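Novice: coords please:
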Amino acid sequence: MFFSNKKMNILIRIIFSIILLISFSINAFPIPKNKKVTYDIIRKNKVIGTHQIKFIENKDTLLVKTNVNIKVKVLFVTAYKFSHQSTETWSNKDFVRIDAHSDFEDEREYFIKGYDKD
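Specialist: Down below sits the predicted model:
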């Protein structure tokens, strides 16, 4: 395997931490005028993926769509793939729900559905 389990766990924690930080601090920065933010994911000075966030506003509702795609190649062969998609719903600046899907290169696949009970 290209990544050790320890390195993979660190990578996963970093990705989910970024997503959680954005989720829990939705008012920490203004929504860009083009309603989109895109980051390169870099490992050893090479772009191995993207992290894109789209903001869709409709009156008092805000949808935050996140897409993370990582592909590491070694000698033109894909050594590792990871993808994550999520949609968060906010109403009047309060979190309402999240629907997410994370897919690893191996058999692991996670579906996340959550909502605020209040």
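Novice: how close does Thr89 sit to Leu75?
Specialist: Note on Thr89: its distance to Leu75, by C-beta to C-beta, to the nearest Å, is 43 Å. For every residue, glycine as well, the C-beta is placed using N, CA and C.
Novice: and for Lys117?
Specialist: Distance, Lys117 to Leu75, using C-beta to C-beta: 50 Å.
Novice: now do the strands in the protein.
Specialist: Under the criterion DSSP state E, the chain contains strands at 36-43, 46-58, 61-74, 77-91, 94-104, 109-115.
Novice: so what's the residue count around the closest residue to Tyr110 other than its chain neighbours?
Specialist: In space, Tyr110 comes closest to Ser102 once its chain neighbours are excluded; the distance is 4.5 Å by C-beta to C-beta, 6 or more residues apart in numbering. Residue neighbour count, defined by other C-beta atoms under 10 Å, stands at 19 for Ser102.
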